[in-house]
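Q: Turn this into a model:
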Amino acid sequence: MASNLTNVSAARSEANPYRVFIAGGCYAGLAVAVNLLEKCDTIESPIPVEITIVDERDGFYHVIGSPLALASASYAEKAWVYYKNIPILQRPDVRFVHGTVSKVDPETKTATIIEQPNQEERTEAYDFFVAATGLRRVWPVVPQSAKRVDYLEEARRHINAVANSTAPVLIVGGGAVGIEMAAELKEVQPNVKVTLAHSRSKLLSAEPLPDNVKDCALDLTREAGVEVLLNHRLKSQTPVKNEDGTEVFEVEFENGHKMTASLVVMAISRSVPTTTYLPEELLNEDRYVNIKPSLQIASDKIRDAASHFAVGDLINWSGIKRCGGAMHQGKYTGFNIHQLMLKDIQGKEPVFNEIAEVPPMIGLAVGKNALSYGNEGMKHGKQVMEWFFEEDLGFKIVWDHLNLGGTKA
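A: Residues are numbered from 1 along each chain as shown. Modelled structure (predicted):
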């Protein structure tokens, strides 16, 4: 199918830039913007662009830091950065919009935005579109607030509830989120008793990982001071008043075990792709976006599919969903969009970067230790924590990798 870019190949200038629309301003979306700008800013052959980034939050939120953000008030402050405070993207050709994308029409190459705070609807035209809105994750996997000020209050209430607990805090769900949340709560508030309950016989049971990795995760979780209950499927939780009038929960599991908990935190992930704004024919049965290895949308049913990309957690691709993978895909997408611009301007046939199939791999922070598994096998310990997460659950690693604190050259 012929590219629609030939229709907009007039001489590019500041008044007629390539319009790049990025839905989603987290790891993948920001990686697209930063890497595309780096390519377009070259002194030898600069290319004028106008990048619009739309996100339902008013800032970049470090999602993998959620377990610590919901345990430490000082870290919560750090984990959400207003978009206006990201130096590398403070430039006239980048615009952030606080809102949601309600519809994308690939035929007319327009996107409909519902903008905050007044729910105003408007439509924007684009030359290139990138879907990078990720998965819809429930509380407390991630905070549900769209504004930083509300998020800090949300985190504060949760932290205070834990600090004031008189009975154990029960975390339900032994996946990566539950493990990290339980361990961080115990690390930050060591006087609080934390119990992690999982319905299966091994932690990380939903992940395609070998048993030795799952067993190591269990050992590290217990080493962090967390009580772990395996084969414990939650049956009920009933709020009651204890002797001093404080509300607690009488918890019962399917196996008959009962306990009292001050707080019950559901860390069972019910994440779904945020792809409701895309045409149905671009999605698989689970509503993930079908892509080519070039990260272009794989479809012969829409006009100019070549200028539509999808990156991050919402793509139909192999591998465990990871921050590192999202940033890698964003980098490749920035490069590939630049290749299409060069084709339009110079007639050069594009040479795309393509992603490969991704084998199972994971990095898991468990208190003072971390576990990693990948092509080189399994590693664990304090050194692994330093390599993969440093001292802030990877915030600085991500910030530096994307050069978010940099300035335009």
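
Q: Would you mind measuring the gap between the ends of stretch 81-100?
A: 18 Å (CA to CA, to the nearest Å).

Q: Figure out how far that stretch is from the centre of its chain.
A: What separates the centre of stretch 81-100 from the centre of its chain is 18 Å, taken as CA atoms, centre = their mean, to the nearest Å.

Q: contacts for that stretch?
A: With contacts defined as CB atoms under 8 Å, 6 or more residues apart in numbering, stretch 81-100 is touched by 17, 25, 30, 33-34, 37, 48-60, 113-117, 146, 148, 277, 402-408. In this view, the C-beta of every residue, glycine as well, is placed from N, C-alpha and C.

Q: May I see the buried residues of stretch 35-54?
A: Under the neighbour-count criterion of 16 or more other CB atoms under 10 Å, stretch 35-54 has 35-40, 47, 49-54 buried.

Q: related to what we said a few turns ago, now the buried members of the contacts of stretch 81-100.
A: Counted by 16+ other CB under 10 Å, the contacts of stretch 81-100 give 17, 25, 30, 33-34, 37, 49-60, 113-114, 116, 146, 148, 277, 402, 404 as buried.

Q: give the contact list for Val162.
A: Ala71, Val169, Leu185, Gln189, Val192, Leu263.

Q: if we go to 7 Å?
A: Val169, Leu185, Gln189, Val192, Leu263 (CB atoms under 7 Å, 6 or more residues apart in numbering).

Q: same thing with Leu152?
A: For Leu152, counting by CB under 7 Å, 6+ apart, the contacting residues are Ala76, Glu77.

Q: Kindly provide the distance from it to Pro140.
A: Using CB to CB, to the nearest Å, we find Leu152 at a distance of 15 Å from Pro140.

Q: ok so, going back, return the subset of the buried ones among the contacts of stretch 81-100 lying in helices.
A: In this view, the buried ones among the contacts of stretch 81-100 that belong to helices under DSSP state H are Leu30, Ala33, Val34, Leu37, Arg148.

Q: Need the max-distance pair from those residues.
A: Farthest-apart pair in those is Leu37 and Arg148; separation 24.5 Å (CB to CB).

Q: pretty sure Pro140 is in contact with Ala69, am I right?
A: No: applying CB atoms under 7 Å as the test, Pro140 and Ala69 come out as separate, 9.9 Å apart.

Q: Pick out whichever of those two has more residues nearby.
A: Taking neighbours as other CB atoms under 10 Å, Pro140 and Ala69 compare with Ala69 leading, 31 against 20.

Q: Turn the buried residues of stretch 35-54 into TSV, including pLDDT.
A: Listed next are the buried residues of stretch 35-54 as TSV, based on pLDDT from 0 to 100:
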residue	pLDDT
Asn35	97
Leu36	98
Leu37	97
Glu38	96
Lys39	96
Cys40	96
Ile47	95
Val49	97
Glu50	97
Ile51	98
Thr52	98
Ile53	98
Val54	98
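
Q: Tell me where the model's unsure across the stretch 1-150 of the chain.
A: 1-11 (pLDDT under 70).

Q: at 50 instead, please
A: Along the stretch 1-150 of the chain, segments meeting pLDDT under 50 span 1-10.

Q: What residues of stretch 273-292 count as buried?
A: Under 16+ other CB under 10 Å, the buried positions of stretch 273-292 are 273-275, 277-279, 282-283, 287-289, 291-292.

Q: ok, and the closest non-adjacent residue to Arg122?
A: Leaving aside its chain neighbours, Arg122 sits nearest to Ile113 (5.7 Å; criterion: CB to CB, 6 or more residues apart in numbering).

Q: In contact with the one you found: list those residues for me.
A: Per CB under 7 Å, 6+ apart, neighbours of Ile113: Val54, Val97, Gly99, Val101, Arg122, Glu124.

Q: Strands along the stretch 251-400 of the chain, start to end?
A: 258-261, 263-266, 272-273, 308-310, 362-366, 369-374, 377-381 (DSSP state E, counting those that start in this stretch).

Q: so where do the helices sit in this protein?
A: 27-40, 66-69, 73-79, 148-163, 176-188, 211-223, 323-346, 382-388, 395-401.

Q: can you put these in CSV and add distance to Leu314?
A: CSV is the format used below for these (distance: least, CB to CB, whole Å):
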stretch, distance to Leu314
helix 27-40, 9
helix 66-69, 18
helix 73-79, 22
helix 148-163, 22
helix 176-188, 18
helix 211-223, 26
helix 323-346, 10
helix 382-388, 24
helix 395-401, 19
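
Q: of all these, which lies closest to Arg12?
A: Going by CB to CB, the one of the helices of the chain nearest Arg12 is helix 323-346, 6.7 Å.

Q: What residues sit buried inside the closest one?
A: 323-344.

Q: Would you enumerate the residues in contact with the residue nearest the centre of the chain?
A: Centrality entry for the chain: nearest residue to the mean C-alpha point is Val63, 5.3 Å, by CA atoms, centre = their mean. Shown in contact with Val63 (CB under 7 Å, 6+ apart): Cys26, Val142.

Q: now with 8 Å?
A: Counting by CB under 8 Å, 6+ apart, Val63 touches Cys26, Tyr27, Gly134, Arg137, Val142, Cys323.

Q: Next: Pro46.
A: Contacts of Pro46 by CB under 8 Å, 6+ apart are Cys40.

Q: Would you quantify the distance from it to Ala31?
A: For Pro46, the distance to Ala31 - CB to CB - is 21 Å.
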